[in-house]
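**Student:** could you work out the structure for the sequence below:
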Amino acid sequence: MTRATACLAVLIVIGSTTSTGQDPWPQLMIEAPETLTATAEQIQAFDLSRFSRVMAIIGLTDVGAPIRVLLVPEGTALANTTPAWVAAFADATRDLVVLLPERIGSYPYSSLETVLHHEVSHILTARATAGRRIPRWFNEGLASAAERTWSVGIRSRFAWEFVLSKRLTPTQFEGLFEGSSREIETAYVLADRLVRDLLEQYGSDTPARIFSRMSQGAPFEVALYVSTGASVDGLMRTFWRRHSVWESWISVAGHPFTQWSLITLLALTAIWRHRRKRRARRHLWEMEERLEEQSWEEHRRRYRVH
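**Tutor:** Predicted structure coming up:
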């Protein structure tokens, strides 16, 4: 981290503390080398009020100390020691977010603003829980659910990931985050939907209630049960059962018999439409012929020579 900050050329502070009070969202201190000045200026234009959504969900009212956002270019020591599929990470103990902008562009790092929001959400969550441990699936799912809407694209991605994944226990689910880049991507998608289910079923203030109890010393599992009446195991079982319709539908749709039946149906439909058009065309020709014959007969009657 020391080498990365040694080439610091830009320091931009976003958010303000004035005589009228502090903004109701955290202040960001953007640190960047000269080569990433444009990226730092891009972040400066972001709407920080978006953080108010995650703060409301987790029940955080004290924004706390400023958060450092360190922009790291490729080729530096920190970038070289960070796995290639990692585009950002947060260190809540140091109020630090590290971004590697050149790696941003694919799920779950779809945009610079999305990534920044996600990582800052982790730091805010750590503040709401007073630094106590929460499962990785809940931490990542909460950050994802707070940063963006459940779009058609994300819904489709979830459907396929759900079908391709076996039913996981909480321990197995947690283990996905320590697996390959492909397994980690699956974990992010599933965690996003799982936390959204939790918010829909038990209320958007559920994380705030859980964290309130955790800040008083309760472990996550106990705080979850007291707040919702559901255990982690029960929550997982409900999740897999609730979305099994996706698996059934896509399995049927992907079966060879279904595909050939659909192809046959489409072919028969095309043949029927073609024959219908051909009959209509033949009928039109017959009508034209009759009209021509009638016209010729009328002409002969009118102009025949006696």
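
**Student:** going by C-alpha atoms from here, please, whenever you check contacts or count neighbours.
**Tutor:** Fine.

**Student:** how about the residue nearest to Phe51 when sequence neighbours are not counted, secondary structure?
**Tutor:** Closest residue to Phe51 apart from its sequence neighbours, by CA to CA, 6 or more residues apart in numbering: Trp25 at 6.0 Å. Taken by DSSP: H, G, I helix; E, B strand; the rest coil, the conformation at Trp25 corresponds to coil.

**Student:** just Thr37 next, same as before
**Tutor:** Classification of Thr37 by three-state DSSP places it in helix.

**Student:** ok but Trp85 is inside a strand, no?
**Tutor:** No: looking at Trp85 with three-state DSSP, it is coil, so not inside a strand.

**Student:** tell me how far the closest residue in space to it that isn't next to it in sequence lies from Ala84.
**Tutor:** Spatial nearest neighbour of Trp85, excluding adjacent residues (CA to CA, 6+ apart): Ser181 at 6.6 Å. Distance of Ser181 to Ala84, given as CA to CA, to the nearest Å: 9 Å.

**Student:** now do Glu147 against Met236, distance only.
**Tutor:** Distance of Glu147 to Met236, given as CA to CA: 23 Å.

**Student:** where's Arg279, which helix or strand?
**Tutor:** In this structure, Arg279 is located in helix 256-303 according to DSSP states H and E.

**Student:** who has more neighbours out of Ser181 and Ala84?
**Tutor:** Between Ser181 and Ala84, Ser181 has the larger neighbour count (other CA atoms under 10 Å), namely 15 against 10.

**Student:** quick one, strands of this structure?
**Tutor:** Using DSSP state E, the strands of the chain run over residues 8-14, 17-18, 21-22, 28-33, 67-71, 88-91, 96-99.

**Student:** export those strands to a markdown table and append columns for mean pLDDT.
**Tutor:** Conversion of the strands of the chain to a markdown table gives the following (pLDDT from 0 to 100):
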| stretch | mean pLDDT |
| --- | --- |
| strand 8-14 | 67 |
| strand 17-18 | 44 |
| strand 21-22 | 58 |
| strand 28-33 | 93 |
| strand 67-71 | 95 |
| strand 88-91 | 94 |
| strand 96-99 | 96 |
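
**Student:** columns mean neighbour count on top of those strands, output as TSV?
**Tutor:** Listed next are these as TSV, based on neighbours: other CA atoms under 10 Å:
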stretch	mean neighbour count
strand 8-14	16
strand 17-18	9
strand 21-22	10
strand 28-33	22
strand 67-71	23
strand 88-91	19
strand 96-99	22
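
**Student:** got JSON lines for these, with distance to Ser121 too?
**Tutor:** Output for the strands of the chain, formatted as JSON lines (distance: least, CA to CA, whole Å):
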{"stretch": "strand 8-14", "distance to Ser121": "16"}
{"stretch": "strand 17-18", "distance to Ser121": "20"}
{"stretch": "strand 21-22", "distance to Ser121": "19"}
{"stretch": "strand 28-33", "distance to Ser121": "13"}
{"stretch": "strand 67-71", "distance to Ser121": "11"}
{"stretch": "strand 88-91", "distance to Ser121": "9"}
{"stretch": "strand 96-99", "distance to Ser121": "10"}
